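1. Structure, please.
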Amino acid sequence: MADAIRVLAMDGVEKAKSGHPGMPMGMADVATVLFSKFLKFDASRPDWADRDRFILSAGHGSMLIYALLHLTGYKAATKEELSNFRQWGSKTAGHPEYGHMPGVEVTTGPLGQGLATSVGFALAERHLAAKYGETLVDHRTWVIAGDGCLMEGVSQEAIALAGRLQLSKLTVLWDDNDITIDGKVSLSDATDQKARFKAAGWAVKAVDGHDMKAVKSALAWATRQDRPTLIACKTKIGRGAATMEGSHKTHGAALGAAEVAATRLGLAWEHDPFEMPENVLSAWRKVGRRGAKDRKAWEARLKDSAQAADFTRAMKGDLPETAFAALDAKIAELVETKPAQATRQSSGAALDQVFAAIPELVGGSADLTGSNNTYVAGTPILDAPTYEGRYVNWGIREFGMAAALNGLALHGGVIPYGGTFMVFSDYSRPAIRLGALMGVRAIHVLTHDSIGLGEDGPTHQPVEHLAALRAIPNLNVFRPADTIEAMEAWKIALSSKTTPSALCLSRQKTPAVRTVASDENLTARGAYEIKAANGAAKVTLFGTGTELALALKAAETLEAEGTPTRVVSVPSFELFFQQPKAYQDKVIGRGTVRVAVEAAIQQGWERFIGEDGGFVGMTGFGASAPAEVLYAQFGITAEAIVAEAKARL
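-> Predicted structure coming up:
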C-alpha cells in the first residue's frame with residue numbers, strides 16, 4: 001500500500017517533469033499507517049463536519065495527498081487528475097489548494113503556514129466541543145511537516161501557542177529526513193527540534209518512519225496525551241528510489257525515466273504509470289470506506305440533537321437572522337448624535353452590538369487588546385481546560401495569529417477576528433495573503449492606521465501599508481471615515497463568506513461625516529458622493545479615514561471662493577471597482593479637477609485621480625510628535641488640498 005503512494009508520486013512528477021517526489025516517497029509508510037489505522041474520515045463525504053483534519057504543511061510534497069485521496073476513493077481524485085498533475089485546469093495543483101480538490105483542508109506550500117494554520121483548526125475543535133458537546137464535535141488534527149516548516153519562524157509562534165493552549169488533539173508528524181533543497185539540514189541548522197517542542201509544552205516521541213509497527217504505536221500514544229504531540233519520524237527522502245534514495249536531488253525534481261524504471265524493478269512494481277494492482281487498490285478503497293460507520297452514527301446523533309439547527313447553520317457559515325438588528329438600531333441612533341471618536345472606538349462599539357447576536361464570533365488580539373478595542377466586556381477567555389470562551393490572548397505573535405485565524409475560519413463553526421497595529425500587518429501579511437487566496441472569512445482589525453498615531457514615531461506609523469494591503473487580490477480593505485462607515489464595514493466583513501477583510505482604523509478622533517440617515521449600506525459601494533457641488537462641479541475631492549473631514553473642510557473653502565466642489569468618500573477601493581462602470585464614472589467625476597487626500601503614499605490612487613490629479617499625503621516615513629503637529633508638518637491639511645485643486649483649475 002505504501003509503495004502505491006511512492007509509485008504514484010514519482011509517476012505524477014515524471015509526467016509533469018516538475019514537482020517534488022522525495023517527500024511523498026519518504027513519508028509513504030507513515031501516511032499509510034495514519035490513513036489506514038487512525039485518521040477518521042469517509043472518502044464519500046469529504047465535508048463531514050466531525051472528520052479528522054489532515055494538513056500537509058510540507059505542501060511541496062503534494063503528490064502525497066493526491067495519491068492518498070485517489071487511493072482511498074475521493075471521487076474528484078481520479079487517475080486522470082493525477083496524470084494531469086501541475087497542468088492547466090487540473091485539480092492537482094503544484095501545491096495543495098483549498099477549494100480545488102475535496103480532501104485538501106488548507107492551501108499549503110509557503111513552509112510553516114500549514115503548521116501554524118493547524119493551531120486554528122485544533123482550537124476550533126476544542127471550542128466547538130465545549131459549545132456543542134463531544135457527541136457532535138470530537139476529532140483530531142494531524143499535520144505532516146518537514147524540516148523547512150520547522151525552520152520558518154512562524155513555526156515557533158505556532159508551537160508556543162499550541163503548547164500554551166494545551167491542544168491535545170493536535171499531532172505533528174515531522175518528516176525528519178535531514179534534507180533541504182541545498183543538501184543536509186546541517187548546512188544551515190543545528191536545532192534540537194525535539195527539545196524545542198518539549199520546551200513549548202508538547203509531548204514528543206521519536207520513531208523510525210519506515211517501521212510501520214513503531215509508527216502505529218507512536219500514533220496510538222499520541223491519542224492518549226493531554227498535550228499536543230510531536231512524532232519525529234526518521235525517514236529517508238526518496239525512499240525506494242533505485243539509486244537516489246536519501247539524496248537531496250529527489251526533493252524538487254523528477255527522478256528521470258531511467259531512475260523511475262529502475263525503481264519499479266526494485267519495488268517489483270510491474271504496472272503501467274498510474275495503474276494500480278487490484279488487491280492494493282481494494283485495500284486502499286476499504287480504508288476510504290472505514291469511517292462511514294462513524295459518520296452515519298454521528299449523523300444520527302446530530303439529527304437527535306436539540307442543537308442540530310444551530311450547529312448546521314454555524315458550520316455552513318450562515319449568520320443568524322437577527323445578526324445586525326442591534327447594530328442597525330445603533331447606526332440609526334448615531335446618525336442623530338453624530339459622535340466624534342476614533343474609528344478604533346467605533347469598531348469596538350460595532351462589536352458590542354453584534355457579539356451576542358453572532359455567537360460564532362471569536363476574537364482576540366496580538367497583545368494589544370486595549371489599543372485595538374477588540375474585547376467585548378464580560379467575554380470569557382478562550383483557554384484550556386474548558387475552551388468555551390470567545391476571546392484569545394494570542395500574545396506578540398501577529399503571523400501566528402493571522403494563520404490561526406485562517407484555520408479557525410476553514411474549520412467552520414467559527415467567525416474569527418484578530419487585532420494588531422496596522423504597521424504590523426507586515427508580520428501578518430503572508431497569512432493574510434493565503435487567506436485571500438483560499439477565500440476565507442477572517443477579519444483583521446488593524447488600528448493606528450497612519451501618522452496620526454503620533455508620538456510612537458515612524459517605526460509604528462504605517463505609510464505604505466494601505467497600498468500593500470490593497471495590492472492583495474480578494475482582500476477587502478476598509479478605511480472608514482467615521483463611526484457609521486466603521487459599523488457598515490463590519491457588516492460587510494461579517495457577511496463576506498469568501499473574502500477576508502482588513503479594517504484600517506484610527507487612533508485619533510475624527511468628526512462625524514455621515515450625518516444623514518440612509519437605508520443603504522453606502523460603504524458597500526466602495527466609494528460614494530458624500531457632498532454634492534453647489535452647481536456644476538469643477539473639482540472632485542476624494543478622501544478616506546480621518547482625512548475625509550479635511551476634504552470636506554477644503555470643499556467649504558473652495559465653494560466659498562466660487563468653485564463648485566464635490567467630495568467623495570472612498571472607504572474601500574476593492575468594493576468600488578466591483579461596481580458597474582457607469583457608477584464608477586459618475587463617482588470619479590471625469591472632466592473635473594481631481595484631488596485625493598490620504599495620510600499614506602499615493603500608490604493606487606491613480607485610478608481615481610488620473611495621471612495629472614493632485615494628491616495630498618505622504619512621500620516618506622513619519623516622525624515622532626503629536627498627531628496634529630505631524631499633519632501640519634507633513635502638509636496634510638485642508639489648505640494643502642485647496643492649493644492642489646487651485647493649481648489644476
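2. separation between the residue nearest the centre of the chain and residue 401?
-> Closest residue to the average C-alpha location of the chain: residue 435 at 2.8 Å, with CA atoms, centre = their mean. In this view, residue 435 and residue 401 are 12 Å apart by CB to CB, to the nearest Å. Where you see a C-beta, it was placed from the backbone N, CA and C, and this is true even at glycine.
3. dump the residue contacts of residue 563.
-> Taking CB atoms under 8 Å, 6 or more residues apart in numbering, we find residue 563 in contact with 538, 539, 645, 649.
4. Surely the second one is in contact with residue 561?
-> No - at 10.7 Å, residue 539 and residue 561 do not qualify as touching, with contact defined as CB atoms under 8 Å.
5. And residue 217, how far from residue 28?
-> Going from residue 217 to residue 28 by CB to CB gives 18 Å.
6. which of those two has more neighbours?
-> The residue with more neighbours, out of residue 217 and residue 28, is residue 28; 27 against 14, by other CB atoms under 10 Å.
7. Residue 313 belongs to a helix?
-> Yes - according to DSSP: H, G, I helix; E, B strand; the rest coil, residue 313 belongs to a helix.
8. And the pLDDT for it?
-> Looking at residue 313, its pLDDT reads 98.
9. Repeat that for residue 268.
-> On pLDDT, residue 268 comes in at 97.
10. Phi, psi for it please.
-> Note on residue 268: its backbone torsions stand at phi 60, psi 40 [degrees, to the nearest 10].
11. One more: residue 505?
-> According to degrees, to the nearest 10, residue 505 has phi -130, psi 150.
12. what's it in contact with, if anything?
-> Residue 505 makes contacts with 342-344, 346-347, 422, 445-449, 480, 486, as judged by CB under 8 Å, 6+ apart.
13. ok but residue 517 is inside a strand, no?
-> No - counting by three-state DSSP, residue 517 is not part of a strand but coil.
14. For it, which non-adjacent residue is closest in space?
-> residue 335 (4.8 Å; CB to CB, 6 or more residues apart in numbering).
15. contact partners of the strand or helix carrying the one you found?
-> Per DSSP states H and E, residue 335 falls inside helix 325-337. With CB under 8 Å, 6+ apart as the contact definition, helix 325-337 has outside contacts at 349-350, 353-354, 356-357, 483-484, 487-488, 490-491, 512, 514-517.
16. could you pull out the helices for the stretch 51-200 of the chain?
-> 62-72, 79-83, 113-132, 147-151, 154-165, 193-199 (DSSP state H, counting those that start in this stretch).
17. same question for the longest one, mean pLDDT?
-> For helix 113-132, the mean per-residue pLDDT is 98.
18. elements contacting it?
-> On a contact count with 3 or more CB pairs under 8 Å, 6 or more residues apart in numbering; DSSP states H and E, helix 113-132 meets strand 53-56, strand 141-146, helix 147-151, helix 154-165, strand 170-176, helix 398-411, helix 425-438.
19. tell me what the third one is packed against?
-> For helix 147-151, the helices and strands in contact under the criterion 3+ CB pairs under 8 Å, 6+ apart are helix 113-132, strand 170-176, strand 179-180.
20. Can you name every helix or strand that the last one contacts?
-> To tie it back to what came earlier, the one meant is strand 179-180. Partner elements for strand 179-180 (3+ CB pairs under 8 Å, 6+ apart): helix 147-151.
21. Using CSV, write out the CA atom coordinates for the helix it packs on.
-> Extracted as CSV, the C-alpha positions of helix 147-151 are listed here (Å, rounded to 0.1, in the frame of the first residue of the first chain):
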residue,chain,number,x,y,z
ASP,A,147,12.4,20.5,8.2
GLY,A,148,11.6,23.6,6.2
CYS,A,149,8.3,24.1,8.1
LEU,A,150,10.2,23.9,11.4
MET,A,151,12.9,26.4,10.3
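22. got the contact list for the nearest residue to residue 439 once chain neighbours are set aside?
-> Nearest residue to residue 439, sequence neighbours excluded (CB to CB, 6+ apart): residue 498, at 4.0 Å. If you count contacts by CB under 8 Å, 6+ apart, residue 498 has them with 439, 440, 441, 474.
23. so what's the backbone phi/psi at residue 498?
-> Dihedral angles of residue 498 (phi, psi; degrees, to the nearest 10) stand at phi -120, psi 20.
24. So it versus residue 438, what's the distance?
-> 9 Å.
25. can you check residue 306 too?
-> From residue 306 to residue 438 the distance is 33 Å (CB to CB).
26. Of these two, which one has the most company?
-> Each of residue 306 and residue 438 has its neighbours counted (other CB under 10 Å); residue 438 has more, 20 against 7.
27. And the pLDDT for the more buried one?
-> So residue 438 comes in at 98 (pLDDT).
28. now residue 524
-> pLDDT, residue 524: 98.
29. which residues does residue 541 form a beta bridge with?
-> Beta bridges link residue 541 to residue 567, residue 595, judged by DSSP bridges.
30. hang on, it packs against residue 566?
-> Yes - counting by CB under 8 Å, residue 541 does reach residue 566; the two are 7.3 Å apart.
31. Need the overlap of contacts for these two.
-> With CB under 8 Å, 6+ apart as the test, residue 541 and residue 566 both reach residue 555.
32. State the distance from the residue nearest to residue 235 when sequence neighbours are not counted to residue 176.
-> Excluding the flanking residues, the one nearest residue 235 by CB to CB, 6+ apart is residue 209, at 3.8 Å. Per CB to CB, residue 209 is found 7 Å from residue 176.
33. Surely residue 51 is in contact with residue 102?
-> No - between residue 51 and residue 102 there is no contact under CB under 8 Å: 11.2 Å.
34. So for these two, which residue has more residues nearby?
-> Neighbour count, other CB under 10 Å: between residue 51 and residue 102, residue 51 has more, with 21 against 16.
35. got a list of what the more buried one touches?
-> Counting by CB under 8 Å, 6+ apart, residue 51 touches 40, 41, 42, 45, 139, 291, 295.
36. Surely residue 207 is in a strand?
-> Yes - counting by three-state DSSP, residue 207 falls inside a strand.
37. who touches it in this structure?
-> Neighbouring residues of residue 207 by CB under 8 Å, 6+ apart: 214, 215, 217, 218, 231, 232, 233, 234.
38. ok, now with 7 Å
-> Residue 207 makes contact with 214, 215, 218, 231, 233, according to CB atoms under 7 Å, 6 or more residues apart in numbering.
39. and the contacts of residue 563, which of them are in strands?
-> residue 539 (DSSP state E).
40. hmm, which of the contacts of residue 563 are the buried ones?
-> 538, 539, 645 (16 or more other CB atoms under 10 Å).
41. Any idea how many residues pack against residue 104?
-> Counted with other CB under 10 Å, residue 104 comes out at 28.
42. give me phi/psi at it?
-> Residue 104 adopts backbone torsions of phi -90, psi 110, taken as degrees, to the nearest 10.
43. I figured it hits residue 65, correct?
-> Yes - using CB atoms under 7 Å, residue 104 makes contact with residue 65 at a distance of 6.5 Å.
44. roughly how far apart are residue 609 and residue 582?
-> Counting by CB to CB, the gap from residue 609 to residue 582 is 19 Å.
45. Looking at those two, which one has more neighbours?
-> Remark: of residue 609 and residue 582, residue 609 carries more neighbours, 21 against 8, as counted by other CB under 10 Å.
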